[in-house]
Structures are given as C-alpha cells and as structure tokens.
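S.K.: Quick one, structure for this:
(chains A and B)
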Amino acid sequence: MSDIGPLFLLTILPLLAALFIMVGAQPRLTARISSVLLFVLTCFLLFRYDREAGDFQFVSGWTVSEAMGLSLLFGADGLSLAMLFLASIVTVAAVWVIPPIKDRERLFYACILLISTGVVGAFASLDVLFFYAFHEVALIPTFLLIGIWGSGDRQAAAWKATIYLGLGSFVLLLGIIGLYSAMPPGIRSFDLRVIQEAAAVGVLKPDDWVYLLLLIGFGTLVSLFPFHSWAPQAYASAPTPAAMLHAGVLKKFGAYGLLRLALPVFPEAMQTYANLLLVLLIGNLLVVGLVTISQKRLDWTLGYSSVMHMGYIFLGFAALNELSLSGAGLLMVAHGLSIAALFALSGAIRDKTGTLDYSELGGLARVAPMLGLLFGFATMASIGLPGFANFPGELLVFFGAFSSPLASPAAFGLSNFQWTTVVAVWGVVISAVYMLRAYRKVFFGTMPERWGSLSDIDVRTRYAVILLILAMLIIGFYPQPILELITPSILLP
Amino acid sequence: MTAAFGLNPVFLEAIVVVLGIVLLMVEAFVPKLKKSLIAYAGIAGLLVVLGLSFFASGAFIPEDAKYAAYYTGDALAMFFKQFALVTTILVLVMAVEYAPVLETGMPGSRPGAGVGEFYTLPILTCAGLMWMASATDFITIFVSLELVTISFYILVAFMRRSKACLEAGTKYLILGALSTGFLVYGITWIFGATGQTNLARIAEVLPQIGATSQISLLFGLALVLVALAFKVAAFPFQFWVPDVYQGAPTPITAFLSVGSKAAGFIVLLRVLEPFYVIPVIQEKIVAAIAALAGLTLIFGNLAALPQTNMKRLMAYSSIGHAGYLLMGVASVGVVMAGPAIVYYLTAYLVTTCLAFLVLIIAAKAIGKDDVVSFNGLGRRSPYLAGALLISMLSLAGVPFTAGFLGKFLIFEAALTDGHYALVVIGAITVACGFYFYLKVVRAMYWQPVPENAGAVPVSLLSKAVLAILTALVFILGIFPQWVLSRLTLE
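M.R.: Alright, predicted model coming up:
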C-alpha cells in the first residue's frame, strides 16, 4: 500500500510551512495561512467522516518494513478527529497570539509549527510507532522555544521538561516494544487496528508490567502525580503560544494513548492496578490542587491547574465504562480549549505588565475590561460551570466513575471508585477557589497606580481567545455531536 | 545479484591497495602536485570501488580457490566492505577540510609536507577494514586487524609538533600493542584447545572437545574478548578513548570512532558465532557481554555528562554507543539482533560523520573545539548548526532519525531476549544522552554569538556531503528497509 491521503497532507501542512519559513517565506503570514488551512481542512474532514460507518477512515500510507509490520499509516476515527479538531483550533489561536518577535522570528514560527506537526501527526497516526515518534518530535522545538524565548528561569525549565519527558517517552517506548513483542510472531504489527483486533480475539495477552510501563510512560506525559513536576515550571516559563500548544494539545497525547492502547489490551491489568491509579489521580486532584491554591503567580497557578485537571481524565479512564470514557474524551478537548485560552490571556497580561505576580497586580478590569471579560469566561470554563464544555465532560466522568464496573467494596458501603468520585467532586471546589482567587487578584481590588495607562487586550489575542471560548460554549451547550464522535470509537474490552 | 557481470570480492581489496600505493607513489614523485588532488583522486577511486562492490558477491569466488576457506563473501562481509568504503570517503572529505589545521602541527620544511600521506594512509586502512569483513580465520582476522591498527598508529600521531597528538599516539600505540598481545595469546589458547584457527572448523570440532579443553578454550575466548573490547571501546577497556580521541587529528578521530569500532563489532560477531554451538559456552559469553554492555552504558553516558570539549564528548558518546551495540550482541537468541547491530552501526556511521564534519569545519574557523566555542552557531551559520542539530538529535535517539530506529531495534532485541536489567540501564542512559547531546544544541541556539564572529565558510564539497548525510539521517530513519533487507536476505 502506498498512497497519499488527506491526513498525510494535514500532517505535513505545518511542516511545509515551517520549512518555507526557514528558507525565507514571510513568517507571520505563512504561519497564519497554514494554520487556517489546517483548521479548515480538519473541519472539512469532520464533515466528511461517515458517522454511520464509524471505525477508522481516510486510511492511507505506505509500508516501511514488511517484516516488522511497520508502516507510516494515517487514519482517523471519531476520537482522533475530535483531537485533531482541538489540535488545529489551538494551532490557529497559538499562531495568532504570537507577539512581534525581535529575535530570530523565523526560528520561532518554525518551532511553533513543528509542535503543531507533532501533535497533528500523532493524532492522525494509525501506526503506534509513528504515533509515538510524532509526539517525541514535538519535544525538541519545545526545548528551543523555552530555552531561547522563555521567561523566568527558562534554562532550568527547558532542561527539566525535556529530560523528564525524554525519559517518560522512553519508558513509553519500552512499553510499546513490550506490547509489540507480546503479539504472536505471524501477525506482529504496529498497526493500531491489528493490535486492537488481536486483543479483541484474545491472542494478545501481554504481561502486567507492559501496562505499568505504558501507564507510567503515558502518565508522565500527561503529568500524572507524582510524575508531574516538569509541567508547572515549563508552562510558566514557556512563551505563550508554546504553553498553549503544549498544555492544550500535546499533553493530551498521553491520555489519548491510554485510551487507544491500554484500554483495549489491558482490561485485567487495569482491574489489578485500579487502586494504584486511583491513589495517584487523587494525588493529582487533591495534592496538586492544594499546591495550586498556594501559588503566588498566575502562570504557576495555571501550570499547576493544568496538572490538577488531568486527574478527572484519569478518573474517566480508570473507571472503564462508556459514560466515564466518553467524559474523559470530551474533557480532553474541553480542557485543551480552556487552558489554551487561559495561557493566551495570561501571556497578554505578561506582555502588558511584565509581571504575573499577584502582589503586583490588581484591578486590571478597570483599564482592560475586555481582557477581564474574556478571562472571566475562561475562568468559568476552567472551573467547569454549566454551559462550558468542561461541565458535561466532568459530569460524565463523575457519573461513570460512580458506577464503575471495576469497583470493589471499600468502606462505609461505598466502593473504591465511589469514594474516589466523592473526593474528586471536591476537586471542583478546589479549582473554583484558586481560579476565582486568581481572577480577583488580577482583575479586581485596588489597582496599583502604574497600571493606570494600560491598554486593553490587543486585537490578535482577542479574536484568538474568542474563537476558543466560542468553541467551548458551543460544545458546552450542545455536546451531543462531539460525543457521538467520541463514544463509538472508544472500544470497551 | 543477478547481474551478468560478476566480480570476485577479492579484487575490491586489491584495487583499494593498488590505489593507495599508486597515490603514495604519485605523492612521492610528483612534488609539485597540489595535495588536495590526491585526496580527490582517492575519493574518486574509492567511489569507483564502491560502485563495483555492488556487482561483487561471494558467489563469484572460484570454488577451488585456496583462500576460500578463510575468506567469505557473504552478505555481512559485502555490507561491511561498503561500510568501510563509505567511511573512508567521508574521512577523506574531512581530511581535505582539516588540511590547514594539520599543517600547523607538522614541521614546516615546505608547505603541504606530509599532507599527501595523510590522504593515502586512510585508503590502506580501508583495505584492512574490508579484508577484515571477510576474514573467517583467526590468522586472517589478526593480520587484517594489524593492518588497520598499524596505519592508525601513524595517523593518530600524525601532527608531530602537537604535544596532545603525540601523547595520543603514544597511548594508542601502547594500549593497541597490549590488546594485540591479548588477541594473539587468546588465539593460541583457542588453537591449543581445538587444534584449529579456522572459525568454521572450530565449530565442527567444538562438540568433541573434553572438559579440560573447555576451560582453556574459555580462557582463550576471554582474552580475545578483552582484545576486542579494547577495539570497540567497552568499559573497562575504554580508558584510552578520551585522550586519543581528543589528541588525534579530528578526521582520524572520526575514522577511529566509526571504522575501527565497526570493524571490532563485525569481528566480534564472527568470532563468537562458532562458539554458540555449545549452550554452556554461549551462556557464559552472553553473561560476559551483557556485563560489559551494562558497565559500558553506565560509564560512557555518565562520564559524558560533565564534558566541555566537543571531541571528548564525542569520545564518551562513542563509548556509550558501544554499550548499546553490545546490548545487541548479547541478544543472540533473537533473529533480528544481527540486522539490528548492523543497522545501528550504519546509523552511527552517518550521524557521527555528520557531527565530525561540522566539528572540523566549525573548529577550523573558530580555532577551538570546546562546546562553548559553538555558542551562537545557530545564528552565525544556520545550515551548519542545523546539520549538527540533526546529528545530535539522531545520536540522542529522537524519532524520524536513523539513531532512533537503531535504538529501537536494539532495545526490541534485548527485551525479546529477556535482558531486562540491561534495558532498564539503557533507558536511564538514554535520558543522560538527552542531556549531553542537547548541551551542544543549547550552545548553538540559546547562547549569544561571541563578538565579531561572522558566518563560518564552508567549501562546496563539504556542503554537498553535509546535505547528503543530513538527508540520509532522515531517509534511514524512515526507510530502514534499505539497510535491513540487505542482511535478512540470507
């Protein structure tokens, strides 16, 4: 098989744009055109996807190694399309908010577009090894972006994130190798469909340690407690568009991988290690949640909050039923939109004031009402207020987790999953505390005099954020279309 | 090969030797000749041999040939002949770039003195490497190994006025001679136990030898292993590597780290194979290799962390890569282990030569080869920096590069064969690798340009070679079949 399909074009679109920029095309214009094209093409595929038929569509690619069962294969089902939608919309927003770059503008734009290539390629890949490879590729531009254009202690942040993620993805690679070598020799392949098929008919039964490798590997990438400490620092230091793409989209790769790879293959191991995962995700929700409350800077608050919210996604994954898994899928998209909007706005504040320290900010809503309004929307979305996309996602996760089929009796008549759900619901309260506190500290209260002449949010950031908020509102009020995409593609074992 | 035109592979070595001698003569008797012409003639000659090698195969060795017993033309041998040719061509390209630096280290009786020999000796080394790829008898292995090593003795110490270079030469000479001693002594013990030096015959008589002979056989094998561990720079026989790599002329460093190492590995694969017929011996060999691999991985990668000199960094990185390769050697139970090692070596060839070529070009312009002297290279010469970036990423093992797939194949083989401890060590050292390779990237892209530093000039030939190597890193990373299929055909 060797043919070029729409998903391949989708993947190389940002790559080509990056190359053109490196050899001399006008950076800003090229990046904007390519990001809009990416978004339009993704939306087009969303409409062309045949929901009746389901399964992976637009499959195309070519064989790399017949003997190994390796091929550069692209294909998308509902879940991947939902993630591709997220990737492309955040790419548009991220490219749009890029402020004028004085130092090496070309490299900056090329790096942003390379991250975009990595995420789009990962979500569009049907071959597990290339799925992994595309994600890993995005690490290097992130390293450069944080190291060159970052703020604060940028070098330390760049090193920490890169080595942490490098090690995490290597653990993941070992897990993938373990999975691969557990397949019977005749049908060994990296094709996701073959793996899922083999698991479904029962010929693929890897040992439990493969599951643990995948859990820790993917977990590190999604910042599962206690493998999360790279995230807040990296997001706080990263340039705004890099933080948007990384926190919003790239990080979801891990959760997506768990849903795709671990779920169909390891139902028993998930049962065995359910309590371990529950404890870890409570760590995400409560420990990291409390840590978030104590932050003194907006960028660190957002960084930690993005770690904390991963707890819900893990809960949805751990509970292993249709409700919770659909909720996790929806939440991945919703959280990506909300955190990208928040990072865009905090970047705008940093560009204007030069600081994100709560003690130096306050009352900004008076001079920048539009900024305040948009930040308010993003805050509400992040907390999970009804009407925003996060709300149905969290709700589905809670409902699903409460009735998880994996539940085992724990104490006071409630199962382990029910207890976890009870604790997790408190996470909503915690996130309300720190987000509203952040909102108050930055936008209300007394305003230091030096901010009196501040201008309101600039046009490019305004429309980028409005685009993200619109998407959240539409999904929040009418989640049915996207749920119809996600739910059938989640394979229950 | 179904070609109507077939060539006996013996002629390939013969042509290379003749080429080397002719060029040496021309150098001696035509003193007015521009020295770089010799290098270009060498490159052209080797390219012709490389072309011819695709028509040569073991099938064209006459059956009644006397040398057929100790000379093989199998797929592995043919592949490594081409490997040696490509390496030597790249080393000659580097040598041309390096010539101005070389002259500063030579007694300057007349301009260009000694540069001609610097271009011809690698060709003779190449002949040794090619012969070694085909050797299936301990005697031929030893002779070809010596041909390679002795020409390296000269090349390493080539810059007579540079103290570092002379120091490197002395160290290499002493330790090289020591390892040769180990090798000969080991061969004698094996000969004593089996009465054979031919690898195929050893495999035949091995099942019949008694228990006492088995002990002496193991002792001999251990000595041979030590000698080869010197060659491939495995811990604890690696201590010559950093100083020699740093002191030697940079093209020779590249030649040592690619050609010499690859030769060590092919000999290792060939020598160990007959002994695997006895499971007890195989177990012991695998345990020894696995221990070597683990220690080499840990030492090479940890010691690379604090390095500040680029050549030393590459030296420790080459030790680290020997560790990954040994991991592959230890995974004998897996069919894919052999192709994995060969693929890894190929990826390593392309990537390391790319790094060294950039290093030579940049160090010539900057005057130093510390990592800090690469500061701001990303802004001074974006393409040069881009090439080094890609080679560092490939060495670190980032996907879509050849280095990634090499690591993947090796780890897959090790995991399938059940070397879990090695795999864990390997995973940690890969993370170390991320740090010290990205340190170079950091210098190039994060750090400011030093004052009044302009773009680094690059010659047309080097530009072309850099472009080809950079492309190869990706091509190999996406289409490994190109290499793998050559060896799985057997």
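S.K.: For the closest residue to chain B within the stretch 51-200 of chain A, which non-adjacent residue is spatially closest?
M.R.: Ranked by C-beta to the nearest C-beta, the top residue of the stretch 51-200 of chain A for proximity to chain B is residue A:133, at 3.1 Å. From N, CA and C alone the C-beta is placed, and that goes for glycine too. Residue nearest to residue A:133 in three dimensions, not counting chain neighbours: residue B:399, with 3.1 Å by C-beta to C-beta, 6 or more residues apart in numbering or on different chains.
S.K.: Chain B contacts on chain A?
M.R.: Residues of chain A lying near chain B by C-beta under 8 Å from any C-beta of the partner chain: A:22, A:64-67, A:72, A:104, A:107, A:129-130, A:132-134, A:136-137, A:139-140, A:143-144, A:147-148, A:155, A:159, A:162-163, A:166-167, A:170-171, A:173-174, A:177-178, A:180-181.
S.K.: how about residue 309, what does it touch?
M.R.: No chain in the question, so chain A it is. Going by C-beta atoms under 8 Å, 6 or more residues apart in numbering or on different chains, residue A:309 touches A:331, A:335, A:339, A:382, A:431.
S.K.: that's the wrong chain, I wanted chain B
M.R.: B:246, B:369-371 are the contacts of residue B:309 under C-beta under 8 Å, 6+ apart.
S.K.: Residue A:109 too?
M.R.: Each residue near residue A:109 by C-beta under 8 Å, 6+ apart is listed here: A:18, A:21, A:27-28, A:30-31, A:95, A:98, A:101.
S.K.: Swap in 7 Å and give it another go.
M.R.: Counting by C-beta atoms under 7 Å, 6 or more residues apart in numbering or on different chains, residue A:109 touches A:21, A:27, A:31.
S.K.: and the residues you listed, which of them are in helices?
M.R.: A:21, A:27, A:31 (DSSP state H).
S.K.: So which of those residues is the closest to chain B?
M.R.: residue A:21 (12.2 Å).
S.K.: if we can go back for a sec, please type out the PyMOL selection for whichever of the ones in helices among the contacts of residue A:109 turn out to be buried.
M.R.: The command below creates a PyMOL selection of those among these that count as buried (16 or more other C-beta atoms under 10 Å in any protein chain shown):
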select buried, chain A and resi 21+27+31
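S.K.: wait, which of the ones in helices among the contacts of residue A:109 is closest to residue B:143?
M.R.: Taking C-beta to C-beta as the measure, residue B:143 lies nearest residue A:21 of those, at 55.7 Å.
S.K.: on that earlier part again, would you turn the ones in helices among the contacts of residue A:109 into TSV with distance to residue B:467 and pLDDT?
M.R.: Below are the ones in helices among the contacts of residue A:109 laid out as TSV (distance: C-beta to C-beta, whole Å; pLDDT from 0 to 100):
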residue	distance to residue B:467	pLDDT
A:21	19	89
A:27	24	87
A:31	26	89
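S.K.: give me the residue from chain B nearest chain A.
M.R.: At 3.1 Å from chain A, residue B:399 is the closest residue in chain B, using C-beta to the nearest C-beta.
S.K.: can you list the weak-confidence ranges in the stretch 101-250 of chain B?
M.R.: Where the stretch 101-250 of chain B drops to pLDDT under 70, the residues are B:108-112.
S.K.: Enumerate the positions of stretch B:228-248 that are buried.
M.R.: In stretch B:228-248, counting by 16+ other C-beta under 10 Å, buried: B:228-235, B:237-238, B:240-248.
S.K.: show me which of those residues neighbour chain A.
M.R.: Among the buried residues of stretch B:228-248, no residue is within reach of chain A (C-beta under 7 Å from any C-beta of the partner chain).
S.K.: picking that back up, the residue nearest to residue A:133 reaches residue A:139, doesn't it?
M.R.: No. Using C-beta atoms under 7 Å, residue B:399 is not in contact with residue A:139; the gap is 9.6 Å.
S.K.: how about the helix or strand harbouring residue B:422: buried residues?
M.R.: Using DSSP states H and E, the element containing residue B:422 is helix B:420-445. The neighbour-count check on helix B:420-445 (16+ other C-beta under 10 Å) flags B:422-423, B:425-427, B:429-445 as buried.
S.K.: Roughly how far does residue B:455 sit from residue A:24?
M.R.: Applying C-beta to C-beta, to the nearest Å, the value for residue B:455 to residue A:24 is 16 Å.
S.K.: Leaving out sequence neighbours, find the closest residue to residue A:123.
M.R.: Leaving aside its sequence neighbours, residue A:123 sits nearest to residue A:83 (C-beta to C-beta, 6+ apart; 4.2 Å).
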